[in-house]
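K.L.:
my questions concern the predicted model and sequence given below.
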Amino acid sequence: MTLLPWKRADRESGTQTSAFEEQALPLLSSLYNIAFWLTRNSADAEDLVQETMLKALRGFSSFETGTNFKAWIFRILRNTYLTSRSGLAARRTVALEDELHETGEFGPAQYPEAAIDHQTPEVNLIRMGDRLALQAAMENLPAPLLEVILLCDVEEMKYKEIATVLNIPIGTVMSRIARARANIRRALTRVFERSTEIKL
Amino acid sequence: MTEHLSYPNLNSLVDGELSADQLAMANTHLSQCPSCTSDALRHSLLKSAIGKAGQRYLPASDFQARLLRRLREDHSQQEASRPDHARPSVPRSPFYGWAAAVALLLVCIGAVLVQHIGSRTAIASAQYAALATEVCDQHIAALAENSPPEVISSDRHTVKPWFQGKLPFSFNLPDNLPAGTTLDGANLTYIHGRPTAQLLYSIGKHRVSVYLQQRSEDVSASRLSTDRSGFHVISFNTGDINGIAVSDVEPARLADLVSIVEHAQK
């Protein structure tokens, strides 16, 4: 016979909430940063993070302790975004996989292996500390490429974790990362060419 | 691996996704192929620049408090709506009311303190991450440039005076370096827009950059270390100097050098 089951339930519930906060709060800045990149404004980013946290707390009992909490909560964020107003709008305006496959997986035409140069435009711009040009290039990425490059380069997630968050195969993660970086290089090249034309 | 590294392989290399065998083959090839080495460094530089540029948005200072309030409200509502016929009624007395009020007050004060400390910790941790990314960037750029340092000398009496009139502070260079460590030279650079001495050392074949800056008040006194894109980063602070070192050498050897440079400032 269990004595005072309601007391035990209260204690378990409180412990669960604090365990959730302990794991979720250190990720708040990261979640907000990604949310802002996806939604492009602070109000929607706050709504997205709040909705994500509420869903995660409600579903925390189903989270398996010892597994990857970060991948789990980022997956909730991403799924919440996809069903949000801004996420639906982004999906309407971007034909995801069609666009990715339109010009091939890795964009070989723009990046012949032989064309290796120390003084490439993106290196020059990065050296010049032109963070704005880089951020503008990232802003212009299609949503599927932006989210994969944020998870890889900003959140420093492994390909396997990214595949879990985005629910796609690792091969697709790799091809999207390659395309995202190729798009950013192309954008930086254009900026660099424009800036040198103006100087001339 | 005799053929050049493919574009997907370069991505996997900078993302740390190559298996041990693939990495060994890639390293063998890189040691013989300057063009692939240059390309790998270019990829690495772009990755770290994207990482830095991507850390762009911080939540409002009160967002965490608002969020916690909302989470706890939601949790209470969930609990209240749960059928709970088993819960017996508890006899109440005035003592319980006062005790509950005092406990609630203490919890509120505690929550405010925890939130304040948590938010300061989060900001400090974001600032440190940005700093680590920036110094890694500069270190990679120095490696990629293949250009000599602005002052080339293994003599500390040549390197230190070179900074006179270039920096608004002075620093000391250690007399004796750990075995296998040499001073290669130095550059004047800028980190977070502030003038900084970049001291270039070699530990064996590994290059090390040690950045010294005038101390800023918002930096904590403790020694911190982290890893960024395969590089080890160790920071230290003395009375007047903030220092941060970055290299791909094994962490213990980097820590030895950092300790000696740190000790020289005292």
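P.N.:
That came in fine, so what should we check first?
K.L.:
low-confidence ranges, the chain, go.
P.N.:
Using chain A. A:1-14, A:85-129, A:196-200 (pLDDT under 70).
K.L.:
my bad, the chain I had in mind was chain B
P.N.:
Residue ranges of chain B with pLDDT under 70: B:1-2, B:82-96, B:116-126, B:144-147, B:217-223.
K.L.:
and stretch B:34-49, what's buried?
P.N.:
B:36-49 (16 or more other CB atoms under 10 Å in any protein chain shown). Glycine gets a C-beta too; all of them are placed from N, C-alpha and C.
K.L.:
quickly name whichever of these is closest to B:Leu113.
P.N.:
Checking those against B:Leu113 with CB to CB, the nearest one is B:Ser48 at 36.1 Å.
K.L.:
isn't the closest one right next to B:Thr133, touching?
P.N.:
Yes - the pair B:Ser48 / B:Thr133 is scored as a contact, 6.0 Å apart, by CB atoms under 8 Å.
K.L.:
for these two, list the residues in contact with both.
P.N.:
Here B:Ser48 and B:Thr133 have B:Arg228 as joint contacts, going by CB atoms under 8 Å, 6 or more residues apart in numbering or on different chains.
K.L.:
hang on, isn't B:Val233 packed against B:Thr226?
P.N.:
Yes - here B:Val233 lies in contact with B:Thr226, judged by CB under 8 Å, at a distance of 5.1 Å.
K.L.:
joint contacts of the two?
P.N.:
Taking CB under 8 Å, 6+ apart as the criterion, B:Val233 and B:Thr226 both touch B:Ala132.
K.L.:
picking up where we left off before, and chain A, which of the buried residues of stretch B:34-49 reach it?
P.N.:
Residues of those in contact with chain A (CB under 8 Å from any CB of the partner chain): B:36, B:38-39, B:42-43, B:45-49.
K.L.:
ranges for the helices of the chain?
P.N.:
I went with chain A, as the question did not name one. Shown for chain A, the helices assigned by DSSP state H span residues A:5-24, A:28-39, A:42-58, A:69-82, A:85-93, A:96-102, A:121-127, A:131-139, A:143-149, A:159-166, A:170-199.
K.L.:
could you do chain B instead?
P.N.:
Taking DSSP H as the criterion, chain B carries its helices at B:7-14, B:20-32, B:34-54, B:63-81, B:94-145, B:156-162, B:251-264.
K.L.:
any chance of those helices in JSON lines, plus distance to A:Thr83?
P.N.:
Formatted as JSON lines, the helices of chain B follow (distance: least, CB to CB, whole Å):
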{"stretch": "helix B:7-14", "distance to A:Thr83": "31"}
{"stretch": "helix B:20-32", "distance to A:Thr83": "39"}
{"stretch": "helix B:34-54", "distance to A:Thr83": "24"}
{"stretch": "helix B:63-81", "distance to A:Thr83": "19"}
{"stretch": "helix B:94-145", "distance to A:Thr83": "28"}
{"stretch": "helix B:156-162", "distance to A:Thr83": "59"}
{"stretch": "helix B:251-264", "distance to A:Thr83": "44"}
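K.L.:
how many neighbouring residues does A:Ala143 have?
P.N.:
19 (other CB atoms under 10 Å in any protein chain shown).
K.L.:
Serialize the helices of chain A to a markdown table and add fields for distance to B:Ile109.
P.N.:
Shown next, in a markdown table, are these (distance: least, CB to CB, whole Å):
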| stretch | distance to B:Ile109 |
| --- | --- |
| helix A:5-24 | 17 |
| helix A:28-39 | 22 |
| helix A:42-58 | 24 |
| helix A:69-82 | 29 |
| helix A:85-93 | 38 |
| helix A:96-102 | 49 |
| helix A:121-127 | 47 |
| helix A:131-139 | 41 |
| helix A:143-149 | 40 |
| helix A:159-166 | 38 |
| helix A:170-199 | 46 |
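K.L.:
coming back round to it: which of the buried residues of stretch B:34-49 lies at the shortest distance from A:Ala43?
P.N.:
Nearest to A:Ala43, judged by CB to CB, of the buried residues of stretch B:34-49 is B:Ala49 at 28.8 Å.
K.L.:
list the contacts of stretch B:166-174.
P.N.:
B:156, B:159-160, B:163, B:183, B:188, B:195-197, B:199, B:212, B:214, B:240-241, B:260-261, B:263-265.
K.L.:
got the buried residues for that stretch?
P.N.:
For stretch B:166-174, by 16+ other CB under 10 Å, it's B:167, B:171, B:173-174.
K.L.:
stretch A:15-30 now?
P.N.:
Within stretch A:15-30, the residues scored as buried using 16+ other CB under 10 Å are A:17, A:20-21, A:23-25, A:27-30.
K.L.:
am I right that B:Leu30 is in contact with B:Cys36?
P.N.:
Yes - B:Leu30 is within contact range of B:Cys36, at 5.7 Å (criterion: CB under 8 Å).
K.L.:
which neighbours do these two have in common?
P.N.:
Shared contacts of B:Leu30 and B:Cys36, counting by CB under 8 Å, 6+ apart, come down to B:Leu5.
K.L.:
pull out the buried residues from stretch B:51-67.
P.N.:
For stretch B:51-67, the neighbour count (16+ other CB under 10 Å) marks B:51-55, B:59, B:63-65, B:67 as buried.
K.L.:
and if you look at stretch A:62-72?
P.N.:
Across stretch A:62-72, burial judged by 16+ other CB under 10 Å covers A:63, A:68-72.
K.L.:
then stretch A:148-157?
P.N.:
For stretch A:148-157, burial by neighbour count (16+ other CB under 10 Å) applies to A:148-157.
K.L.:
quick one: end-to-end distance for it.
P.N.:
Counting by CA to CA, to the nearest Å, you get 10 Å between the two ends of stretch A:148-157.
K.L.:
got the contact list for it?
P.N.:
Under CB under 8 Å, 6+ apart, the answer for stretch A:148-157 is A:30, A:33-34, A:37, A:70-71, A:74, A:138, A:141, A:159, A:161-162, A:165-166, A:173, A:176-177, A:180-181, A:184, B:15, B:47-48, B:50-51, B:54-55.
K.L.:
next up, the contacts around the closest residue in space to B:Phe63 that isn't next to it in sequence.
P.N.:
In this structure, B:Phe63 finds its nearest non-sequential neighbour in A:Glu46, 6.2 Å apart by CB to CB, 6 or more residues apart in numbering or on different chains. Shown in contact with A:Glu46 (CB under 8 Å, 6+ apart): A:32, A:35, B:59-60, B:63.
K.L.:
ok, A:Glu46 to B:Ala53 distance?
P.N.:
Noted for A:Glu46: a distance of 22 Å to B:Ala53, by CB to CB, to the nearest Å.
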